[in-house]
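K.L.:
Provide a 3D model corresponding to the input given below.
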Amino acid sequence: MSSVAVTGIGELVSCDGSDPDLLGIRSKAALIVEDGLVAWIGPAADGPSADSEIDVDGRVIIPGFVDSHSHLVFAGDRGSEFVARMTGQPYDGGGIGVTVAATRTAADEELTRLLATRIAELRALGTTTVEIKSGYGLTVADEVRALRIARRFTPETTFLGAHVIPAEYARDRAGYIDLVTGLMLQSAVPYARWIDVFCEPHSPHAFDAEEAREVLTAGAEAGLGMRVHGNQLGPGPGVQLAVELGAASVDHCTYLNDADVDALAAAAETTVATLLPGVEFCTRSPYPDAARLISAGVAIALATDCNPGTCYSSSMPWVISLAVREMGLSPAQAMFAATAGSAKSLRRTDIGRLVVGNRADLTVLDAPSYLHLAYRPGVPIARAISLRASGETQAE
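P.N.:
Residues are numbered from 1 along each chain as shown. Next comes the predicted model:
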């Protein structure tokens, strides 16, 4: 059994749920990793011996960020859409078809290369777990292909055949839903852990409440966990549907009424509200009031929604700074939401917190305090640490 000591930790942020801020911060700490798991945490002076050592020289160690909402398997570019958003053109989901066309024509090798590059980018920014959705193929073969490629990089893969109605089914919505809930779902199940749906009656390209219910119910019956894109473009049924069906997460939550907040608070142990402030930034949309959700007792997570149309950023530190600046979260609340909160949205207890027995997914900050994540927006101070099986260590 190989072991690695991580020493010289100026501030260890465990996110273990202790203390009023839930961060469980220790000063002048060390930890021991054995076979990829946290085996010991404590004062540096009391640390047991290990086979090898990595000294972070007074830097901060935090749990690796958990990015619980991304769309990383795609080809093509939609930079012109961003320009349109900045000049006031509203987003309605129609641009997804542009990415679908580009992704369908890309070779497997190109999609794999592009995804590998994006994974390296997010690790360089401190993310150690990422959820990846399909949804840019919208045929049986292309959806399966996207999930198969994503599965090479993460176990958190989500079947999103119900992203939008593809052009070839524009006059046959029922036929496409039959495909998604039938052959497409059956073919996707071996490569997916989750099913998702863009439940958004404000978009002519997305799905209404009953269509979304049909998709989610079929996925659950096939053994997949449920996730929901909801309440992004305006008030809608997504949150209530997610809570009713026991979905693990309802994502966006940009437009919420009192009943939605009450429902999320009542379902806090089951359904997490995943907030995606990068989307509001890139689409000039209003930011959800995250402080209101916290006060009401809602469980929240933060994620990037990295995608080519509405938020082409893989930076969880940037998401944290936006959440603090624009959504009313404290730095501690944003830190917890980007780690333990996002892990909860994936129904994972082995990540997002640095406690004995959990995965040793570590991120180091070139800073004296985790506060610098919000204090220094846009500065690349976070990076994941690799602890190799041989005992060799490397900060990426």
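K.L.:
so what's residue 114 up against?
P.N.:
Neighbour list for residue 114: 73-75, 106 [criterion: CB atoms under 8 Å, 6 or more residues apart in numbering]. In this view, the C-beta of every residue, glycine as well, is placed from N, C-alpha and C.
K.L.:
Out of those, the closest to residue 158 would be?
P.N.:
Among these, residue 73 lies closest to residue 158 (CB to CB), at 10.8 Å.
K.L.:
got any ranges where the stretch 251-396 of the chain has weak pLDDT?
P.N.:
Where the stretch 251-396 of the chain drops to pLDDT under 70, the residues are 388-396.
K.L.:
same question but for the stretch 51-200 of the chain, I mixed them up
P.N.:
In the stretch 51-200 of the chain (pLDDT under 70), no residue qualifies.
K.L.:
which parts of the longest helix seen in the chain are buried?
P.N.:
Criterion DSSP state H: the longest helix present in the chain is helix 108-124. Residues of helix 108-124 classed as buried: 111-112, 114-115, 118-119, 122-123 (neighbour count, 16 or more other CB atoms under 10 Å).
K.L.:
pLDDT value on residue 1, please?
P.N.:
Per-residue confidence at residue 1 stands at 69 (pLDDT).
K.L.:
could I get the buried residues of helix 108-124 as CSV with distance to residue 94?
P.N.:
Formatted as CSV, the buried residues of helix 108-124 follow (distance: CB to CB, whole Å):
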residue, distance to residue 94
111, 23
112, 28
114, 23
115, 24
118, 24
119, 28
122, 27
123, 32
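K.L.:
how near is the spatially closest residue to residue 268 that is not a sequence neighbour to residue 67?
P.N.:
Nearest residue to residue 268, sequence neighbours excluded (CB to CB, 6 or more residues apart in numbering): residue 299, at 4.3 Å. Taking CB to CB, to the nearest Å as the criterion, residue 299 is separated from residue 67 by 17 Å.
K.L.:
Counting neighbours, go ahead and name the busier of those two.
P.N.:
residue 67 (31 against 22; other CB atoms under 10 Å).
K.L.:
May I see the buried residues of stretch 70-82?
P.N.:
70-76, 78, 81-82.
K.L.:
Spatially nearest residue to residue 60, not counting backbone neighbours?
P.N.:
Per CB to CB, 6+ apart, closest to residue 60 is residue 365, 4.0 Å.
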